[in-house]
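Trainee: For reference, the sequence and a predicted model appear below.
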Amino acid sequence: DGGITQSPKYLFRKEGQNVTLSCEQNLNHDAMYWYRQDPGQGLRLIYYSQIVNDFQKGDIAEGYSVSREKKESFPLTVTSAQKNPTAFYLCASRYVGGGQPQHFGDGTRLSIL
Amino acid sequence: QKEVEQNSGPLSVPEGAIASLNCTYSDRGSQSFFWYRQYSGKSPELIMSIYSNGDKEDGRFTAQLNKASQYVSLLIRDSQPSDSATYLCAVSRSYNTDKLIFGTGTRLQVFP
């Protein structure tokens, strides 16, 4: 089945630790995105990538890093510099052009130990 | 003023009624508009997309866009308890949709 797979579903981070969230898609989508959702707030864009080996900062990129070495994969690293990482992280992807919408994975819920 | 505004609700409607969800946006240059449904603890699911002024219907859902007044709405006919969720409005300045601006969502409750 085609889709967007995020793992793990739940993740716990210790103080000072970097953690990496996985996002894989087999939809042959060109663009991929990472969002953060906090309770009672809308989704906020962290990073996005339209093509392999290229990505752009979103509105809240500080404390996060990404890579796009393969079209199918767009992992997000939450670094120790991100002081308030507890949130629901959502990965999305879409075909580029023509007003194509973004589709979301199931999300990863990150908490601080 | 927020870029995309929605009433947080909850909007409570009886089963079988029409639920009307509204969204206003501030950027007159916005071109693409989307409605997502998000069940509690789950990820957003695309329901409707609309790009031109007027109505677009898909089953029990109708999206309405008025660019002059800068609002987009979602009507749900014959509301069912399974429609109870938070509905997110998302707006993009271009057809490129690389940067979607999301509203905070309206929580809909459909009671039997």
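Mentor: Nice, I can see it. Residues are numbered from 1 along each chain as shown, chains lettered A, B, ... in the order given.
Trainee: tell me the SS of the residue of chain A most remote from its centre?
Mentor: Distance from the centre of chain A peaks at A:Gly98, with 22.9 Å (CA atoms, centre = their mean). Under DSSP: H, G, I helix; E, B strand; the rest coil, the three-state class of A:Gly98 is coil.
Trainee: What separation is there between it and B:Ser49?
Mentor: Plainly put, A:Gly98 is 11 Å away from B:Ser49 if you go by CB to CB, to the nearest Å. Where you see a C-beta, it was placed from the backbone N, CA and C, and this is true even at glycine.
Trainee: Next: A:Trp34.
Mentor: Taken as CB to CB, the span from A:Trp34 to B:Ser49 is 21 Å.
Trainee: one step back: and the residue farthest from the centre of chain A, how far from chain B?
Mentor: 7 Å (CB to the nearest CB, to the nearest Å).
Trainee: same check, this time on A:Ser73
Mentor: Distance, A:Ser73 to chain B, using CB to the nearest CB: 18 Å.
Trainee: Could you find the closest non-adjacent residue to that residue?
Mentor: Using CB to CB, 6 or more residues apart in numbering or on different chains and skipping the chain neighbours, the partner closest in space to A:Ser73 is A:Glu24 (5.3 Å).
Trainee: Spit out the contact partners of that neighbour.
Mentor: Counting by CB atoms under 8 Å, 6 or more residues apart in numbering or on different chains, A:Glu24 makes contact with A:Ile4, A:Thr5, A:Glu72, A:Ser73.
Trainee: Quickly find the element holding the second one.
Mentor: This points to A:Thr5. Assigned by DSSP states H and E, A:Thr5 falls within strand A:4-7.
Trainee: Given that strand, what are its sheet partners and their directions?
Mentor: Each strand paired with strand A:4-7, and its direction, by DSSP bridges: strand A:19-25 (antiparallel).
Trainee: and the helix or strand just after the strand it pairs with, which strands flank it?
Mentor: Using DSSP H and E, the helix or strand that follows strand A:19-25 in sequence is strand A:31-37. Strand A:31-37 has the following sheet partners, assigned by DSSP bridges: strand A:43-49 (antiparallel), strand A:87-94 (antiparallel).
Trainee: mind listing what the helix or strand of chain B with the lowest mean pLDDT pairs with, with the direction of each?
Mentor: Ranked by mean pLDDT, DSSP states H and E, the weakest helix or strand in chain B is strand B:100-102, scoring a mean of 92. Strand B:100-102 has the following strand partners under DSSP bridges: strand B:85-92 (antiparallel).
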